[in-house]
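# structure, please.
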Amino acid sequence: MAHIPYPNNGRYVLGAERERYAKIAAERYAAGATIQDIADELGRSRSFVNGLLHRDTDIEVRPRSVPRRTASDS
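Model (predicted):
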């Protein structure tokens, strides 16, 4: 998906604008997008999207990937 143009990147997002971000983020995340993908599309930081999903949606955030163990780790 292409970058979604939202003005005033880097400022506090409140009210209806925050609800709009939350709805878009929740829909994209439920469809399988990563937090980084959503952040890139919204033009916001990964931490903003992560906080948005945790605080403003009912979405259960997937755990971050854990590096695989190799045979030399045993």
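
# quick check, pLDDT for residue 20.
Here, the pLDDT recorded for residue 20 equals 93.

# cool, residue 3 as well?
56.

# where do the strands sit along this structure?
Counting by DSSP state E, the chain forms no strands at all.

# low-confidence ranges in it?
For the chain, applying pLDDT under 70 flags the ranges 1-10, 66-74.

# can you give me the helices in it?
Secondary structure of the chain by DSSP state H: the helices cover 15-30, 35-42, 46-56.

# including distance to residue 64 and mean neighbour count, could these go into a markdown table?
In short, each C-beta sits where N, CA and C put it, glycine included. Formatted as a markdown table, the helices of the chain follow (distance: least, CB to CB, whole Å; neighbours: other CB atoms under 10 Å):
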| stretch | distance to residue 64 | mean neighbour count |
| --- | --- | --- |
| helix 15-30 | 14 | 15 |
| helix 35-42 | 9 | 18 |
| helix 46-56 | 10 | 16 |
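
# tell me the gap between stretch 58-67 and the middle of its chain.
On the basis of CA atoms, centre = their mean, to the nearest Å, stretch 58-67 sits 11 Å off its chain's mean C-alpha point.

# could you do stretch 30-40 as well?
Worked out by CA atoms, centre = their mean, stretch 30-40 lies 5 Å from the chain centre.

# between the two ends of it, how far is it?
Chord length of stretch 30-40, first to last residue, is 16 Å (CA to CA, to the nearest Å).

# who touches that stretch?
Stretch 30-40 is contacted from outside by 1, 3, 24-25, 28-29, 41, 45-46, 48-50, 53, 59, 61, using CB atoms under 8 Å, 6 or more residues apart in numbering.

# for residue 30, see how far away residue 62 is.
Residue 62 sits 11 Å away from residue 30, going by CB to CB, to the nearest Å.

# what does residue 40 give?
Applying CB to CB to residue 40 and residue 30 gives a distance of 18 Å.

# show me what stretch 47-62 is in contact with.
13, 18-19, 21-22, 25-26, 29-30, 35, 38-39, 42.

# hmm, which two among those are most spread apart?
The most widely separated members of the contacts of stretch 47-62 are 13 and 30, with 20.4 Å between them, by CB to CB.
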